[in-house]
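**Q** Quick check, what structure comes out for this input:
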Amino acid sequence: MKFYKDHYDVFVVGGALAGLSSALMLADKGMDVLVLEQHNLPGGVATSFVRGGVELEATLHEMMSIGARDNRLKVGKFFDDMGVDIDWLPVPEAYHASLPGLEVTLHPGLERFSREVDAAVPGTYEKVLKLLKLCDTVYNSVNILSVTPMSKPKMLLKHEQFVKTAGYSAQEVIDTFDLPQKAVDLLAPYWIYVGNRLSDLPFTVWAVLMADYIGYGSYVPRKFSHEMSLKIAERAEEMGVQIEYRQRVEKILVKDGKAYGVRTAHGEEIHSDYVICSAYPNKVYTSMIEPASEVPAGAIKAVNGRKLSVTAFSVTMLLDKTAEELGIKDYNVFYGTTMDTDHIYENYKGLGPYEYLTCICLNHANPGCSPEGTCVYSITVLPLADGWKTVTMDNYDETRRRVAGEMIDTMSKYLGTNLRDHILEIVIETPMTVNRYTGAWNGCIYGYSHSQSDNIVARLQTAEAEKFIRGLEFAGAHCISGDGMGPQVTNGRKAAKNILDDLKAKEAAKK
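**A** Numbers count the residues shown, from 1 in each chain. This is a model prediction of the structure:
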């Protein structure tokens with residue numbers, strides 16, 4: 001009996017969240033799907049690791065687009081509809097902002113969040129609430145327009161606020177509300193979750209982020225982000241998807257402008273009608289298409305014209321005391337010497353010391369995430385990859401230890417506790433770690449930068465024109481919905497929908 005079938009309806013390269021979500025959706029429609037994953041487990045960066053016999057979360061800070069069980073948002077509803085049962089835990093606050101002159105904890109809920117900003121910066125309640133309601137309106141429009149062709153004028157007329165704000169940066173729209181700088185500083189911390197400064201971040205993207213996190217709150221899986229990928233994979237196999245691990249895809253086979261299969265590192269040639277690929281287009285169009293002559297010139301221009309977003313440097317520690325004993329009061333702290341996102345962005349181009357840190361104590365959302373009497377604390381920055389390209393094999397270890405030490409010492413001073421004295425286990429993740437483990441281009445976790453010159457609105461309009469090879473779809477952080485684990489699920493569903501729409505169009509053409 002052959003290991004692989006002679007032919008599949010769809011072949012998925014990569015078993016991370018986007019690829020697995022594609023497989024789920026296609027299998028639900030009765031399609032024959034094969035997923036090949038290069039690692040021995042699914043999930044990509046949605047994974048965990050074990051140190052000292054303790055499982056630790058590797059990457060997820062908080063998950064957007066889940067919603068409460070009785071009011072699911074699009075990602076949570078998709079999991080429910082597909083029969084993927086995940087034990088979601090609500091994150092207790094939006095974030096704590098520790099900025100010059102500000103120590104403020106803010107909670108989800110447009111009204112509550114606005115009143116908490118007003119308590120810190122009196123007289124701002126109505127303006128902040130109006131801004132957040134604008135974000136919510138744009139958020140609802142994006143959810144509709146992301147699955148509706150934007151070429152339909154009548155659809156755009158129904159989304160006036162979306163159209164009015166689409167050409168402006170987050171900073172430009174925020175400025176129209178004439179808020180005191182301290183209030184703006186309290187509204188700005190989430191910029192890091194999309195990796196671009198407010199002056200160049202499209203308001204549309206910032207609005208979606210704020211409306212989702214602030215309006216509906218965020219969640220984490222009780223059994224870490226790996227619970228998502230494992231349960232999606234398990235459910236996909238129950239639905240008939242074939243998933244094989246330790247299988248690396250080397251080439252995507254193309255003939256006459258149409259993808260028709262793949263070749264693995266072991267030399268197997270597997271044929272399919274469609275291919276969904278998790279690898280960055282940079283890698284696909286420069287080294288994975290076979291023969292190379294099938295790569296259109298426009299594809300190379302497209303990837304060269306896009307700017308990669310941020311990568312990641314993170315320190316995760318298992319500490320020997322509880323969060324309360326160590327003075328760690330909040331789940332999520334954004335700590336910075338400034339909230340000038342232009343300045344922070346420039347600072348992130350180097351190798352530290354970094355001036356803006358994201359700190360998570362998972363125990364505040366998931367008390368059982370570590371053994372009794374301990375806690376898990378992570379400190380993360382999202383630098384640009386270019387600075388890390390200067391690191392060599394000779395100075396890599398020294399550089400990562402120095403940067404990690406600087407981050408630990410900064411938060412030790414903030415907490416009034418020397419964290420070094422309490423470390424049971426420590427793991428340092430660098431851009432090189434991300435690149436080696438996932439194969440992500442330059443270690444980028446957030447795909448292509450969402451900027452004024454390359455934003456979600458433009459991408460929605462040009463999506464069809466950028467399908468350079470028929471039958472080839474992409475699913476990952478580099479796709480239209482962008483970064484984060486929630487958007488990965490959305491990107492995967494979009495790739496599956498494109499295939500289903502293409503099949504529907506072919507059936508209609510036959511009639």
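**Q** domain parsing for this structure?
**A** 7-53+223-306+449-510, 111-214, 310-438 (automatic domain parsing).
**Q** how about a markdown table for those, with mean pLDDT, mean neighbour count and distance to Lys74 added?
**A** To be clear about C-beta, it is placed using only N, CA and C from the backbone, and glycine gets the same treatment. Shown next, in a markdown table, are these (pLDDT from 0 to 100; neighbours: other C-beta atoms under 10 Å; distance: least, C-beta to C-beta, whole Å):
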| stretch | mean pLDDT | mean neighbour count | distance to Lys74 |
| --- | --- | --- | --- |
| domain 7-53+223-306+449-510 | 92 | 20 | 7 |
| domain 111-214 | 91 | 19 | 7 |
| domain 310-438 | 96 | 18 | 21 |
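**Q** Now render the ones you listed as TSV, adding distance to Phe78.
**A** Shown next, in TSV, are the domains of the chain (distance: least, C-beta to C-beta, whole Å):
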stretch	distance to Phe78
domain 7-53+223-306+449-510	6
domain 111-214	13
domain 310-438	22
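**Q** Go through these and name the closest to Phe79.
**A** Comparing these against Phe79 with C-beta to C-beta, the closest turns out to be domain 7-53+223-306+449-510 (7.9 Å).
**Q** measure that closest one end to end?
**A** 23 Å (C-alpha to C-alpha, to the nearest Å).
**Q** longest strand in this protein, by residue count?
**A** Using DSSP state E to define each element, the chain has its longest strand at strand 269-277.
**Q** Partner strands of it and their direction?
**A** Note on strand 269-277: by DSSP bridges, its sheet partners are strand 7-13 (parallel), strand 258-264 (antiparallel), strand 472-474 (parallel).
**Q** what are the ranges of the strands in the stretch 201-350 of the chain?
**A** In the stretch 201-350 of the chain, the strands defined using DSSP state E, counting those that start in this stretch lie at 219-221, 242-245, 249-255, 258-264, 269-277, 289-290, 313-319, 332-336.
**Q** end to end, how far does stretch 220-231 reach?
**A** 14 Å.
**Q** hang on, I meant stretch 358-378
**A** With C-alpha to C-alpha as the measure, stretch 358-378 spans 8 Å from end to end.
**Q** Also stretch 374-390?
**A** For stretch 374-390, the first-to-last residue distance is 37 Å (C-alpha to C-alpha).
**Q** coming back round to it: make CSV from the strands of the stretch 201-350 of the chain and add distance to Val489 to it.
**A** Shown next, in CSV, are the strands of the stretch 201-350 of the chain (distance: least, C-beta to C-beta, whole Å):
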stretch, distance to Val489
strand 219-221, 13
strand 242-245, 17
strand 249-255, 22
strand 258-264, 23
strand 269-277, 14
strand 289-290, 27
strand 313-319, 22
strand 332-336, 21
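**Q** Let me know which of those is the nearest to Ser449.
**A** Across the strands of the stretch 201-350 of the chain, closest to Ser449 is strand 313-319 (C-beta to C-beta), at 17.7 Å.
**Q** what packs against the closest one?
**A** strand 54-57, strand 375-381, helix 396-415, strand 423-429 (3 or more C-beta pairs under 8 Å, 6 or more residues apart in numbering; DSSP states H and E).
**Q** Which one of the ones you listed lies nearest to Asn455?
**A** That would be strand 375-381 among the helices and strands packed on strand 313-319, by C-beta to C-beta, at 24.1 Å.
**Q** who touches the closest one?
**A** By C-beta atoms under 8 Å, 6 or more residues apart in numbering, the residues outside strand 375-381 that reach it are 56-57, 61, 312-319, 321-323, 326, 328, 348, 352, 354, 356-363, 369-370, 407-408, 411, 419.
**Q** one step back: in CSV: the strands paired with strand 269-277, plus distance to Lys389.
**A** Putting the strands paired with strand 269-277 into CSV (distance: least, C-beta to C-beta, whole Å) gives the following:
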stretch, distance to Lys389
strand 7-13, 26
strand 258-264, 30
strand 472-474, 24
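**Q** Quick one: closest of those to Lys164.
**A** Using C-beta to C-beta, the nearest of the strands paired with strand 269-277 to Lys164 is strand 472-474, at 30.5 Å.
**Q** Taking strand 7-13 as reference, get the angle to the helix or strand following the closest one.
**A** The C-terminal neighbour of strand 472-474 among helices and strands, as given by DSSP states H and E, is helix 485-510. Taking axes from the mean of the first three to the mean of the last three C-alpha atoms, to 10 degrees, one finds helix 485-510 and strand 7-13 inclined to each other by 150 degrees.
**Q** for helix 485-510, the distance to its chain's centre please.
**A** Relative to its chain's centre, helix 485-510 lies at 20 Å (C-alpha atoms, centre = their mean, to the nearest Å).
**Q** Dump stretch 464-475 to PDB, keeping only the CA atoms.
**A** Extracted in PDB, the C-alpha atoms of stretch 464-475 (Å, rounded to 0.1, in the frame of the first residue of the first chain):
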ATOM      1  CA  GLU A 464      -7.000  38.800  -7.200                       C
ATOM      2  CA  ALA A 465      -4.300  40.500  -9.300                       C
ATOM      3  CA  GLU A 466      -1.600  39.000  -7.000                       C
ATOM      4  CA  LYS A 467      -2.600  35.400  -7.700                       C
ATOM      5  CA  PHE A 468       0.400  34.800  -9.900                       C
ATOM      6  CA  ILE A 469       0.100  31.000 -10.200                       C
ATOM      7  CA  ARG A 470      -3.300  29.400 -10.600                       C
ATOM      8  CA  GLY A 471      -4.200  26.800  -7.900                       C
ATOM      9  CA  LEU A 472      -1.700  28.300  -5.400                       C
ATOM     10  CA  GLU A 473      -3.000  29.900  -2.300                       C
ATOM     11  CA  PHE A 474      -1.100  31.300   0.700                       C
ATOM     12  CA  ALA A 475      -2.000  31.000   4.400                       C
END
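**Q** Show me what that stretch is in contact with.
**A** 12, 14, 18-19, 21-22, 252, 254, 257-260, 273-278, 281, 284-285, 289, 294-296, 298-299, 302, 488, 491-492, 494-495, 498-499.
**Q** Kindly recompute the last result at 7 Å.
**A** Outside stretch 464-475, the residues that touch it by C-beta atoms under 7 Å, 6 or more residues apart in numbering are 18-19, 22, 252, 254, 257-259, 273-278, 281, 294, 296, 298-299, 302, 491-492, 495, 498-499.
**Q** For Asp421, which three-state class applies?
**A** helix (DSSP: H, G, I helix; E, B strand; the rest coil).
**Q** From Ile408, how far out is it?
**A** 11 Å (C-beta to C-beta, to the nearest Å).
**Q** Looks to me like His96 is in a strand.
**A** Yes - looking at His96 with three-state DSSP, it is inside a strand.
**Q** gap between the two ends of stretch 359-375?
**A** Its start and end residues considered, stretch 359-375 measures 13 Å (C-alpha to C-alpha).
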